[in-house]
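Engineer: sequence first, predicted model second:
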Amino acid sequence: MLHISKLKHYFIVSLALGGLLISCREDMQVVSPPTAIQSTTIRSSARVAAVALTEGFEVGATSPKTAYDVAPTGSSSGDNVTLQAKSWNLYDAVIGNLAADKKAGSWSARIRNTGKITMLFNQTTGISTVTVKHATYGTDVASTWGLFYSTNSGSTWTQSGSTLTTTATLQTATFTINLTGTVRLEIRKLSGGTNRINIDDIVINDNAGTGGGGGITGKKFLFDATKYENAGSADWLIDADGTVSVPIYTGGTTVESSAQRIPTPSYTGITASTPETYWKGGMSAWAVELVKRGHLVETLPAGTAITYGNTSNPQDLSNYDVYMLIEPNRLFTAAEKTAIMNFVANGGGIMLIADHTAATTAGTDANGYNPSDRDGDGYDSPRVINDLMSNNGINNNNPFGFTVDYVDVDEQPTTKVYTGTNANAQKLLNGLAGAATKLAFYAGATATINTTANPNVQGLFWRMSGTVGASTQVMALLSTYGTGRIVFVGDSSPSDDGTGDTNDNLFNGWSGDAPSGFTSHPALHLNAALWLAKAQ
(Lines give C-alpha, C1' and ligand atoms only; values in the text may rest on other atoms or scores of the structure.)
Protein backbone atom coordinates (compact mmCIF):
# COMPACT_ATOMS: atom_id res chain seq x y z
CA MET A 1 0.00 0.00 0.00
CA LEU A 2 1.42 3.39 -0.98
CA HIS A 3 1.33 5.99 1.76
CA ILE A 4 -1.47 8.39 0.75
CA SER A 5 0.34 11.56 1.77
CA LYS A 6 3.44 10.53 -0.17
CA LEU A 7 1.42 9.57 -3.22
CA LYS A 8 -0.26 12.96 -3.12
CA HIS A 9 3.16 14.54 -2.73
CA TYR A 10 4.48 12.82 -5.86
CA PHE A 11 1.40 13.70 -7.85
CA ILE A 12 1.53 17.39 -6.99
CA VAL A 13 5.21 17.72 -7.69
CA SER A 14 5.14 15.79 -10.93
CA LEU A 15 2.45 18.12 -12.21
CA ALA A 16 4.20 21.26 -11.05
CA LEU A 17 7.75 20.37 -11.96
CA GLY A 18 7.38 17.91 -14.76
CA GLY A 19 8.48 14.92 -12.78
CA LEU A 20 10.88 16.47 -10.30
CA LEU A 21 11.68 13.85 -7.73
CA ILE A 22 10.63 14.84 -4.26
CA SER A 23 10.16 11.80 -2.15
CA CYS A 24 12.56 11.20 0.66
CA ARG A 25 14.63 8.04 0.46
CA GLU A 26 17.86 6.72 1.64
CA ASP A 27 19.83 3.61 1.02
CA MET A 28 23.12 2.02 1.51
CA GLN A 29 25.86 0.18 -0.26
CA VAL A 30 28.46 -2.49 0.19
CA VAL A 31 31.94 -1.23 0.69
CA SER A 32 35.19 -3.00 1.15
CA PRO A 33 36.50 -4.47 4.39
CA PRO A 34 38.71 -2.54 6.73
CA THR A 35 42.22 -2.97 5.46
CA ALA A 36 45.11 -0.82 6.61
CA ILE A 37 43.84 2.57 7.73
CA GLN A 38 45.60 5.21 5.66
CA SER A 39 45.62 7.89 8.31
CA THR A 40 48.27 9.40 10.48
CA THR A 41 45.82 11.76 12.17
CA ILE A 42 44.52 10.47 15.48
CA ARG A 43 41.00 11.61 16.19
CA SER A 44 40.75 13.47 19.47
CA SER A 45 37.69 13.61 21.66
CA ALA A 46 35.18 16.11 20.34
CA ARG A 47 35.76 19.55 21.78
CA VAL A 48 32.45 20.80 23.10
CA ALA A 49 32.02 24.54 22.84
CA ALA A 50 29.22 26.08 24.89
CA VAL A 51 27.72 28.46 22.35
CA ALA A 52 26.43 31.45 24.29
CA LEU A 53 25.40 33.66 21.37
CA THR A 54 25.21 33.60 17.59
CA GLU A 55 24.44 36.54 15.35
CA GLY A 56 24.05 35.93 11.64
CA PHE A 57 22.13 39.16 10.84
CA GLU A 58 19.24 37.14 9.38
CA VAL A 59 16.64 39.89 9.82
CA GLY A 60 13.83 38.53 7.63
CA ALA A 61 12.20 40.46 4.82
CA THR A 62 13.54 43.94 5.60
CA SER A 63 16.69 45.35 7.17
CA PRO A 64 16.42 47.46 10.33
CA LYS A 65 19.30 49.59 9.04
CA THR A 66 19.75 50.33 5.34
CA ALA A 67 21.48 53.75 5.48
CA TYR A 68 24.76 54.74 7.05
CA ASP A 69 23.80 56.49 10.29
CA VAL A 70 20.49 58.24 9.97
CA ALA A 71 20.05 59.59 13.48
CA PRO A 72 21.02 62.09 12.13
CA THR A 73 22.97 61.29 8.93
CA GLY A 74 26.61 60.89 9.82
CA SER A 75 25.91 60.72 13.53
CA SER A 76 29.06 59.82 15.44
CA SER A 77 26.96 57.72 17.78
CA GLY A 78 25.58 55.45 15.09
CA ASP A 79 22.17 53.77 15.35
CA ASN A 80 20.84 51.11 17.67
CA VAL A 81 19.13 48.01 16.27
CA THR A 82 17.52 45.01 17.94
CA LEU A 83 18.66 41.60 16.75
CA GLN A 84 17.19 38.49 18.40
CA ALA A 85 15.89 40.64 21.26
CA LYS A 86 19.38 42.04 21.93
CA SER A 87 20.53 45.60 21.25
CA TRP A 88 23.50 46.43 19.03
CA ASN A 89 24.93 49.73 17.83
CA LEU A 90 25.93 50.08 14.16
CA TYR A 91 28.10 53.09 13.33
CA ASP A 92 28.84 53.71 9.65
CA ALA A 93 27.43 50.25 9.09
CA VAL A 94 24.28 48.68 7.64
CA ILE A 95 22.69 45.25 7.34
CA GLY A 96 22.51 44.38 3.65
CA ASN A 97 21.46 41.66 1.24
CA LEU A 98 22.76 43.03 -2.06
CA ALA A 99 24.40 40.74 -4.58
CA ALA A 100 27.76 42.29 -3.69
CA ASP A 101 27.35 41.58 0.03
CA LYS A 102 29.40 38.54 1.05
CA LYS A 103 27.17 36.51 3.35
CA ALA A 104 26.60 33.01 4.71
CA GLY A 105 22.82 33.34 4.57
CA SER A 106 20.60 36.08 3.17
CA TRP A 107 22.01 39.06 5.10
CA SER A 108 25.29 40.31 6.55
CA ALA A 109 26.61 43.50 8.13
CA ARG A 110 28.48 45.98 5.91
CA ILE A 111 30.95 48.51 7.35
CA ARG A 112 32.69 51.47 5.67
CA ASN A 113 35.32 54.08 6.69
CA THR A 114 36.15 53.45 10.38
CA GLY A 115 32.74 52.12 11.28
CA LYS A 116 32.01 49.57 13.96
CA ILE A 117 29.48 47.09 15.33
CA THR A 118 29.08 47.11 19.09
CA MET A 119 27.24 44.88 21.56
CA LEU A 120 25.14 46.99 23.93
CA PHE A 121 24.77 44.08 26.34
CA ASN A 122 27.15 41.88 28.32
CA GLN A 123 27.86 38.19 27.99
CA THR A 124 27.67 37.35 31.69
CA THR A 125 29.38 33.94 31.70
CA GLY A 126 32.59 35.14 30.12
CA ILE A 127 33.94 34.45 26.65
CA SER A 128 36.40 31.72 25.70
CA THR A 129 36.50 32.03 21.91
CA VAL A 130 34.81 34.03 19.17
CA THR A 131 34.52 33.26 15.45
CA VAL A 132 33.62 35.88 12.84
CA LYS A 133 33.16 35.55 9.08
CA HIS A 134 34.56 38.42 7.02
CA ALA A 135 35.23 39.48 3.42
CA THR A 136 35.53 42.53 1.24
CA TYR A 137 32.28 43.93 -0.16
CA GLY A 138 31.89 43.37 -3.90
CA THR A 139 35.06 44.37 -5.71
CA ASP A 140 36.29 46.79 -3.05
CA VAL A 141 39.97 46.50 -2.17
CA ALA A 142 41.08 44.97 1.10
CA SER A 143 40.66 46.73 4.45
CA THR A 144 41.77 45.81 7.95
CA TRP A 145 39.62 45.26 11.02
CA GLY A 146 39.91 44.07 14.59
CA LEU A 147 37.90 42.53 17.41
CA PHE A 148 37.82 44.43 20.71
CA TYR A 149 36.41 43.47 24.09
CA SER A 150 35.33 45.36 27.20
CA THR A 151 35.00 44.04 30.75
CA ASN A 152 33.43 47.24 32.12
CA SER A 153 30.30 47.55 29.98
CA GLY A 154 31.99 49.54 27.22
CA SER A 155 33.90 52.15 29.22
CA THR A 156 37.26 50.93 27.90
CA TRP A 157 38.22 48.49 25.16
CA THR A 158 41.12 46.09 24.47
CA GLN A 159 41.95 44.51 21.12
CA SER A 160 41.87 40.72 20.97
CA GLY A 161 44.60 39.19 18.85
CA SER A 162 46.02 40.84 15.77
CA THR A 163 44.53 43.09 13.11
CA LEU A 164 43.05 41.12 10.20
CA THR A 165 42.97 41.88 6.48
CA THR A 166 39.89 41.06 4.44
CA THR A 167 39.92 39.13 1.17
CA ALA A 168 37.35 38.65 -1.56
CA THR A 169 36.29 35.26 -0.15
CA LEU A 170 34.23 34.89 3.01
CA GLN A 171 36.56 33.44 5.64
CA THR A 172 36.28 32.59 9.33
CA ALA A 173 38.52 34.27 11.89
CA THR A 174 38.91 32.76 15.36
CA PHE A 175 39.82 34.76 18.47
CA THR A 176 40.77 33.27 21.84
CA ILE A 177 39.81 35.62 24.68
CA ASN A 178 39.43 33.39 27.78
CA LEU A 179 37.80 35.92 30.11
CA THR A 180 35.34 35.21 32.87
CA GLY A 181 32.62 37.49 34.17
CA THR A 182 30.88 40.14 32.08
CA VAL A 183 32.30 40.81 28.62
CA ARG A 184 31.00 42.56 25.51
CA LEU A 185 32.48 42.84 22.00
CA GLU A 186 33.04 45.43 19.30
CA ILE A 187 34.16 44.91 15.70
CA ARG A 188 36.02 47.93 14.27
CA LYS A 189 37.03 48.63 10.71
CA LEU A 190 40.56 50.05 11.01
CA SER A 191 41.60 51.05 7.48
CA GLY A 192 40.56 51.28 3.86
CA GLY A 193 38.48 54.45 3.79
CA THR A 194 35.28 54.03 1.81
CA ASN A 195 36.18 50.45 0.82
CA ARG A 196 33.64 48.28 2.58
CA ILE A 197 33.82 44.98 4.43
CA ASN A 198 31.16 42.41 5.27
CA ILE A 199 30.85 40.78 8.69
CA ASP A 200 28.67 37.70 9.31
CA ASP A 201 28.03 34.78 11.67
CA ILE A 202 29.47 36.05 14.95
CA VAL A 203 29.65 33.05 17.30
CA ILE A 204 30.53 33.53 20.98
CA ASN A 205 31.51 30.57 23.14
CA ASP A 206 31.23 31.19 26.86
CA ASN A 207 33.90 30.54 29.45
CA ALA A 208 31.80 28.93 32.15
CA GLY A 209 30.84 25.66 30.49
CA THR A 210 27.18 26.61 30.59
CA GLY A 211 26.44 28.38 27.33
CA GLY A 212 24.39 30.85 29.32
CA GLY A 213 21.53 28.41 29.75
CA GLY A 214 22.48 25.03 31.11
CA GLY A 215 24.98 24.31 28.40
CA ILE A 216 25.99 21.27 26.41
CA THR A 217 28.34 18.77 27.94
CA GLY A 218 27.52 15.82 25.70
CA LYS A 219 28.38 14.74 22.18
CA LYS A 220 28.63 16.82 19.01
CA PHE A 221 26.60 16.03 15.90
CA LEU A 222 27.34 17.66 12.52
CA PHE A 223 24.50 17.62 9.96
CA ASP A 224 25.76 18.02 6.40
CA ALA A 225 24.23 20.69 4.13
CA THR A 226 27.00 20.88 1.51
CA LYS A 227 25.56 18.33 -0.94
CA TYR A 228 22.21 19.90 -1.88
CA GLU A 229 20.24 18.20 0.87
CA ASN A 230 17.72 21.00 0.27
CA ALA A 231 17.30 20.42 -3.49
CA GLY A 232 13.84 19.99 -5.00
CA SER A 233 11.12 19.34 -2.46
CA ALA A 234 13.54 17.92 0.10
CA ASP A 235 14.52 19.76 3.26
CA TRP A 236 16.89 17.53 5.18
CA LEU A 237 18.18 20.35 7.39
CA ILE A 238 17.93 20.99 11.13
CA ASP A 239 17.44 24.75 10.78
CA ALA A 240 17.53 27.17 7.86
CA ASP A 241 17.10 30.91 8.20
CA GLY A 242 18.38 32.06 4.81
CA THR A 243 17.66 31.26 1.17
CA VAL A 244 19.75 30.08 -1.78
CA SER A 245 19.23 29.18 -5.45
CA VAL A 246 19.56 25.42 -5.93
CA PRO A 247 19.61 23.39 -9.19
CA ILE A 248 16.60 21.12 -9.75
CA TYR A 249 15.99 17.91 -11.66
CA THR A 250 14.02 19.52 -14.48
CA GLY A 251 16.64 22.19 -15.15
CA GLY A 252 17.02 25.70 -13.83
CA THR A 253 16.95 26.56 -10.17
CA THR A 254 14.55 27.11 -7.30
CA VAL A 255 14.86 29.23 -4.18
CA GLU A 256 15.33 26.94 -1.19
CA SER A 257 15.99 27.34 2.52
CA SER A 258 19.69 27.64 3.33
CA ALA A 259 21.15 26.25 6.56
CA GLN A 260 23.59 28.13 8.78
CA ARG A 261 26.16 26.60 11.13
CA ILE A 262 24.46 27.42 14.43
CA PRO A 263 20.69 26.88 14.67
CA THR A 264 18.70 29.88 15.84
CA PRO A 265 17.21 30.61 18.32
CA SER A 266 20.02 29.38 20.54
CA TYR A 267 19.96 25.79 21.76
CA THR A 268 20.17 27.23 25.29
CA GLY A 269 16.45 28.02 25.07
CA ILE A 270 15.47 24.38 24.59
CA THR A 271 13.68 22.72 27.51
CA ALA A 272 11.99 19.35 27.92
CA SER A 273 8.76 20.78 26.50
CA THR A 274 10.22 22.67 23.51
CA PRO A 275 8.47 21.68 20.23
CA GLU A 276 10.50 20.70 17.17
CA THR A 277 9.19 23.83 15.41
CA TYR A 278 11.67 25.77 17.58
CA TRP A 279 13.94 25.30 14.54
CA LYS A 280 12.93 25.30 10.90
CA GLY A 281 13.95 22.16 9.07
CA GLY A 282 12.72 18.73 8.10
CA MET A 283 15.23 17.19 10.55
CA SER A 284 14.53 19.63 13.39
CA ALA A 285 12.66 17.06 15.51
CA TRP A 286 15.72 14.81 15.55
CA ALA A 287 18.04 17.70 16.38
CA VAL A 288 15.86 19.17 19.12
CA GLU A 289 15.54 15.78 20.79
CA LEU A 290 19.33 15.37 20.78
CA VAL A 291 19.72 18.76 22.48
CA LYS A 292 17.11 17.79 25.08
CA ARG A 293 19.37 14.86 25.91
CA GLY A 294 22.34 17.17 26.48
CA HIS A 295 24.08 17.07 23.10
CA LEU A 296 25.17 19.75 20.63
CA VAL A 297 24.02 19.93 17.01
CA GLU A 298 25.48 22.02 14.19
CA THR A 299 25.18 22.23 10.42
CA LEU A 300 28.02 22.13 7.91
CA PRO A 301 26.74 24.90 5.59
CA ALA A 302 26.95 24.86 1.82
CA GLY A 303 30.41 25.88 0.64
CA THR A 304 32.15 24.80 3.85
CA ALA A 305 35.13 22.46 3.48
CA ILE A 306 34.86 18.84 4.61
CA THR A 307 38.22 18.14 6.27
CA TYR A 308 39.73 15.85 8.87
CA GLY A 309 42.83 16.89 10.80
CA ASN A 310 42.83 20.51 9.59
CA THR A 311 43.23 22.55 12.78
CA SER A 312 42.49 25.83 10.97
CA ASN A 313 38.97 24.67 10.05
CA PRO A 314 36.64 25.24 13.03
CA GLN A 315 34.26 22.64 11.57
CA ASP A 316 36.88 20.00 10.91
CA LEU A 317 35.37 16.54 11.42
CA SER A 318 37.79 15.89 14.30
CA ASN A 319 35.75 18.39 16.32
CA TYR A 320 32.63 16.19 16.16
CA ASP A 321 31.51 12.77 17.29
CA VAL A 322 29.00 12.01 14.52
CA TYR A 323 28.68 13.15 10.89
CA MET A 324 25.04 13.05 9.71
CA LEU A 325 24.61 12.51 5.94
CA ILE A 326 20.93 12.63 5.05
CA GLU A 327 20.35 12.23 1.31
CA PRO A 328 23.51 13.82 -0.11
CA ASN A 329 22.86 14.73 -3.76
CA ARG A 330 26.39 15.47 -5.00
CA LEU A 331 29.47 13.26 -5.16
CA PHE A 332 32.17 13.91 -2.61
CA THR A 333 35.55 15.00 -3.91
CA ALA A 334 38.58 12.75 -3.50
CA ALA A 335 39.82 14.91 -0.61
CA GLU A 336 36.41 14.86 1.07
CA LYS A 337 36.18 11.07 0.80
CA THR A 338 39.63 10.74 2.34
CA ALA A 339 38.55 12.98 5.22
CA ILE A 340 35.32 11.06 5.84
CA MET A 341 36.92 7.62 5.70
CA ASN A 342 39.72 8.63 8.07
CA PHE A 343 37.21 10.26 10.43
CA VAL A 344 35.30 6.98 10.70
CA ALA A 345 38.40 4.78 10.85
CA ASN A 346 39.73 6.81 13.76
CA GLY A 347 36.59 6.61 15.88
CA GLY A 348 33.95 8.83 14.31
CA GLY A 349 30.35 7.86 13.75
CA ILE A 350 28.54 8.34 10.44
CA MET A 351 24.78 8.22 9.79
CA LEU A 352 23.95 7.38 6.17
CA ILE A 353 20.41 7.96 4.93
CA ALA A 354 19.45 7.40 1.29
CA ASP A 355 16.30 7.43 -0.87
CA HIS A 356 14.58 5.55 -3.67
CA THR A 357 16.20 5.23 -7.10
CA ALA A 358 16.21 3.15 -10.29
CA ALA A 359 18.71 1.17 -12.34
CA THR A 360 19.66 4.43 -14.09
CA THR A 361 18.88 8.04 -13.27
CA ALA A 362 17.75 8.64 -16.85
CA GLY A 363 14.31 7.05 -16.50
CA THR A 364 11.65 6.30 -13.94
CA ASP A 365 11.85 3.75 -11.16
CA ALA A 366 9.61 0.77 -10.50
CA ASN A 367 6.84 2.96 -9.09
CA GLY A 368 6.97 5.42 -11.98
CA TYR A 369 8.82 8.13 -10.06
CA ASN A 370 11.96 9.89 -11.13
CA PRO A 371 15.05 8.69 -9.24
CA SER A 372 15.98 10.91 -6.32
CA ASP A 373 18.49 12.96 -8.28
CA ARG A 374 16.94 16.16 -6.97
CA ASP A 375 19.54 18.52 -8.42
CA GLY A 376 19.79 16.87 -11.85
CA ASP A 377 23.52 16.14 -11.92
CA GLY A 378 23.13 12.42 -12.68
CA TYR A 379 23.69 11.23 -9.09
CA ASP A 380 21.23 10.53 -6.32
CA SER A 381 21.89 9.60 -2.70
CA PRO A 382 22.28 5.82 -3.27
CA ARG A 383 24.90 6.49 -5.93
CA VAL A 384 26.65 9.14 -3.81
CA ILE A 385 26.84 6.76 -0.84
CA ASN A 386 28.05 3.86 -2.99
CA ASP A 387 30.71 6.06 -4.56
CA LEU A 388 31.91 7.16 -1.13
CA MET A 389 32.52 3.57 -0.14
CA SER A 390 33.78 2.05 -3.36
CA ASN A 391 35.86 4.90 -4.79
CA ASN A 392 37.49 6.59 -1.81
CA GLY A 393 41.16 5.80 -2.48
CA ILE A 394 41.67 4.34 1.00
CA ASN A 395 39.64 1.15 1.00
CA ASN A 396 37.53 0.45 -2.07
CA ASN A 397 36.63 -3.15 -1.15
CA ASN A 398 33.39 -2.82 0.78
CA PRO A 399 34.90 -1.37 3.97
CA PHE A 400 31.52 -1.06 5.71
CA GLY A 401 30.17 -4.38 4.42
CA PHE A 402 27.06 -3.23 2.53
CA THR A 403 25.91 -1.62 -0.70
CA VAL A 404 22.83 0.38 -1.63
CA ASP A 405 20.41 -1.33 -4.01
CA TYR A 406 19.12 0.72 -6.95
CA VAL A 407 15.45 0.08 -6.19
CA ASP A 408 12.27 1.80 -5.02
CA VAL A 409 10.29 0.02 -2.32
CA ASP A 410 7.34 0.81 -0.07
CA GLU A 411 6.85 -0.90 3.25
CA GLN A 412 4.24 0.41 5.72
CA PRO A 413 5.50 -0.96 7.98
CA THR A 414 7.81 -3.90 8.42
CA THR A 415 7.89 -5.80 11.68
CA LYS A 416 10.73 -8.07 10.58
CA VAL A 417 13.30 -6.92 13.08
CA TYR A 418 16.50 -8.49 14.40
CA THR A 419 16.01 -10.35 17.70
CA GLY A 420 19.43 -11.91 18.14
CA THR A 421 22.14 -11.33 20.72
CA ASN A 422 24.34 -8.80 18.88
CA ALA A 423 25.00 -6.26 21.64
CA ASN A 424 25.30 -3.29 19.26
CA ALA A 425 22.06 -4.16 17.49
CA GLN A 426 20.25 -4.35 20.81
CA LYS A 427 21.44 -0.84 21.69
CA LEU A 428 19.82 0.47 18.51
CA LEU A 429 16.63 -1.53 18.87
CA ASN A 430 16.21 -1.34 22.66
CA GLY A 431 18.35 1.59 23.72
CA LEU A 432 18.02 4.73 25.81
CA ALA A 433 15.32 6.19 23.55
CA GLY A 434 13.09 3.13 23.79
CA ALA A 435 12.19 0.12 21.65
CA ALA A 436 12.24 0.21 17.85
CA THR A 437 9.96 -2.56 16.59
CA LYS A 438 8.59 -1.25 13.29
CA LEU A 439 9.98 0.70 10.33
CA ALA A 440 8.03 2.22 7.43
CA PHE A 441 9.40 3.20 4.01
CA TYR A 442 7.53 5.55 1.68
CA ALA A 443 9.56 4.96 -1.49
CA GLY A 444 13.01 4.02 -0.27
CA ALA A 445 15.93 1.77 -1.09
CA THR A 446 17.19 -1.41 0.53
CA ALA A 447 20.74 -2.63 1.02
CA THR A 448 22.64 -5.85 0.45
CA ILE A 449 25.10 -6.82 3.18
CA ASN A 450 28.35 -8.74 2.83
CA THR A 451 29.68 -10.25 6.05
CA THR A 452 32.69 -11.63 4.20
CA ALA A 453 33.74 -8.08 3.36
CA ASN A 454 33.06 -6.89 6.91
CA PRO A 455 31.97 -9.41 9.57
CA ASN A 456 30.71 -6.60 11.82
CA VAL A 457 27.86 -5.53 9.55
CA GLN A 458 24.47 -6.41 11.07
CA GLY A 459 20.98 -6.03 9.60
CA LEU A 460 18.31 -4.48 11.81
CA PHE A 461 15.12 -4.42 9.68
CA TRP A 462 14.10 -6.40 6.59
CA ARG A 463 11.18 -6.10 4.19
CA MET A 464 8.12 -8.19 5.01
CA SER A 465 8.86 -10.19 1.87
CA GLY A 466 12.40 -10.84 3.10
CA THR A 467 13.90 -13.04 5.78
CA VAL A 468 15.28 -11.85 9.11
CA GLY A 469 19.03 -12.43 9.03
CA ALA A 470 19.25 -12.53 5.24
CA SER A 471 21.82 -10.50 3.32
CA THR A 472 19.20 -8.93 1.01
CA GLN A 473 16.17 -6.65 1.39
CA VAL A 474 17.78 -4.93 4.38
CA MET A 475 16.06 -1.65 5.31
CA ALA A 476 18.38 -0.59 8.14
CA LEU A 477 21.71 -1.84 9.47
CA LEU A 478 24.80 -1.04 11.49
CA SER A 479 28.48 -1.68 10.95
CA THR A 480 31.90 -0.71 12.25
CA TYR A 481 35.12 0.29 10.50
CA GLY A 482 38.38 0.78 12.34
CA THR A 483 37.25 2.23 15.67
CA GLY A 484 34.32 4.07 14.10
CA ARG A 485 30.65 3.19 13.68
CA ILE A 486 28.14 3.32 10.81
CA VAL A 487 24.34 3.23 10.67
CA PHE A 488 22.34 3.09 7.45
CA VAL A 489 18.61 3.65 6.87
CA GLY A 490 17.30 3.35 3.31
CA ASP A 491 14.68 6.12 3.39
CA SER A 492 14.52 9.68 4.70
CA SER A 493 10.77 9.48 5.26
CA PRO A 494 11.17 7.98 8.76
CA SER A 495 13.23 10.98 9.96
CA ASP A 496 11.16 13.61 8.10
CA ASP A 497 9.20 15.56 10.73
CA GLY A 498 6.90 17.26 8.23
CA THR A 499 8.14 20.83 8.82
CA GLY A 500 10.70 23.05 7.16
CA ASP A 501 10.71 25.07 3.95
CA THR A 502 7.14 26.27 3.33
CA ASN A 503 7.67 25.74 -0.41
CA ASP A 504 8.34 22.01 0.03
CA ASN A 505 5.92 19.13 0.44
CA LEU A 506 6.99 17.41 3.64
CA PHE A 507 5.24 14.70 5.65
CA ASN A 508 5.59 13.62 9.23
CA GLY A 509 7.19 10.19 9.24
CA TRP A 510 9.02 10.96 12.50
CA SER A 511 5.94 10.62 14.70
CA GLY A 512 2.99 11.00 12.36
CA ASP A 513 2.29 7.26 12.17
CA ALA A 514 2.50 6.81 15.92
CA PRO A 515 -1.24 7.15 16.67
CA SER A 516 -1.96 4.09 14.54
CA GLY A 517 0.93 2.17 16.02
CA PHE A 518 2.64 2.13 12.63
CA THR A 519 6.20 3.06 13.47
CA SER A 520 8.79 3.63 16.17
CA HIS A 521 11.02 5.96 14.20
CA PRO A 522 12.17 8.35 16.98
CA ALA A 523 13.45 5.45 19.06
CA LEU A 524 15.39 3.95 16.15
CA HIS A 525 16.97 7.22 15.00
CA LEU A 526 17.80 8.55 18.46
CA ASN A 527 19.25 5.22 19.55
CA ALA A 528 21.29 5.14 16.34
CA ALA A 529 22.66 8.64 16.93
CA LEU A 530 23.57 7.86 20.54
CA TRP A 531 25.25 4.58 19.56
CA LEU A 532 27.21 6.31 16.81
CA ALA A 533 28.40 8.90 19.33
CA LYS A 534 29.35 6.13 21.79
CA ALA A 535 26.88 7.61 24.27
CA GLN A 536 25.29 4.19 24.78
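Structural biologist: Arrived safely, thanks for sending.
Engineer: the strands in the stretch 151-300 of the chain, which residues?
Structural biologist: 158-165, 171-179, 184-189, 197-205, 220-224, 240-247, 253-259, 296-300 (DSSP state E, counting those that start in this stretch).
Engineer: H525: which of the ones you listed is closest?
Structural biologist: The closest of the strands of the stretch 151-300 of the chain to H525 is strand 220-224. By C-beta to C-beta, the value is 11.6 Å. (Each C-beta comes from the backbone N, C-alpha and C, glycine too.)
Engineer: hang on, D373 packs against T364?
Structural biologist: No - D373 is beyond contact range of T364, at 11.8 Å (criterion: C-beta atoms under 8 Å).
Engineer: which one of those two has more residues nearby?
Structural biologist: D373 (27 against 14; other C-beta atoms under 10 Å).
Engineer: for that one, which non-adjacent residue is closest in space?
Structural biologist: Spatial nearest neighbour of D373, excluding adjacent residues (C-beta to C-beta, 6 or more residues apart in numbering): D380 at 4.2 Å.
Engineer: please report phi then psi for that neighbour.
Structural biologist: Note on D380: backbone dihedrals following degrees, to the nearest 10 are phi -120, psi -180.
Engineer: got a list of what it touches?
Structural biologist: Neighbouring residues of D380 by C-beta atoms under 8 Å, 6 or more residues apart in numbering: L21, N329, D355, T357, T361, P371, S372, D373, R374.
Engineer: dump the strands of the stretch 151-300 of the chain to JSON lines, plus mean pLDDT, distance to T472 and mean neighbour count.
Structural biologist: Putting these into JSON lines (pLDDT from 0 to 100; distance: least, C-beta to C-beta, whole Å; neighbours: other C-beta atoms under 10 Å) gives the following:
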{"stretch": "strand 158-165", "mean pLDDT": "94", "distance to T472": "56", "mean neighbour count": "14"}
{"stretch": "strand 171-179", "mean pLDDT": "87", "distance to T472": "45", "mean neighbour count": "15"}
{"stretch": "strand 184-189", "mean pLDDT": "97", "distance to T472": "57", "mean neighbour count": "22"}
{"stretch": "strand 197-205", "mean pLDDT": "91", "distance to T472": "46", "mean neighbour count": "24"}
{"stretch": "strand 220-224", "mean pLDDT": "96", "distance to T472": "28", "mean neighbour count": "24"}
{"stretch": "strand 240-247", "mean pLDDT": "87", "distance to T472": "34", "mean neighbour count": "19"}
{"stretch": "strand 253-259", "mean pLDDT": "89", "distance to T472": "35", "mean neighbour count": "21"}
{"stretch": "strand 296-300", "mean pLDDT": "94", "distance to T472": "33", "mean neighbour count": "26"}
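Engineer: and of those strands, who's closest to R485?
Structural biologist: strand 220-224 (13.2 Å).
Engineer: so the closest one versus strand 296-300, what angle?
Structural biologist: On the basis of axes from the mean of the first three to the mean of the last three C-alpha atoms, to 10 degrees, strand 220-224 is oriented at 30 degrees to strand 296-300.
Engineer: which residues touch strand 220-224?
Structural biologist: Contacting residues not belonging to strand 220-224 are listed as 46-48, 237-238, 259, 283, 287, 290, 295-300, 306, 315, 317, 319-326, 328, 529, 533 [C-beta under 8 Å, 6+ apart].
Engineer: of the contacts of D380, which is the most crowded?
Structural biologist: Most surrounded of the contacts of D380: other C-beta under 10 Å gives S372, at 35 neighbours.
Engineer: surely it is in contact with H356?
Structural biologist: Yes - counting by C-beta under 8 Å, S372 touches H356, with 5.7 Å between them.
Engineer: which among the contacts of D380 gets closest to T174?
Structural biologist: When these are ranked by distance to T174 (C-beta to C-beta), N329 comes first, at 30.4 Å.
Engineer: flag the helix or strand of this protein with the lowest per-element mean pLDDT.
Structural biologist: Every helix and strand in the chain was compared by mean pLDDT, DSSP states H and E; the lowest is helix 4-17, with a mean of 32.
Engineer: what's next to the helix or strand just after it, contact-wise?
Structural biologist: Sequence-wise, the next helix or strand downstream of helix 4-17 (DSSP states H and E) is strand 51-55. Residues outside strand 51-55 that contact it (C-beta under 8 Å, 6+ apart): 83-84, 86, 88, 123, 125, 127, 201-206, 211-212, 216, 261-262, 264, 266-268, 296.
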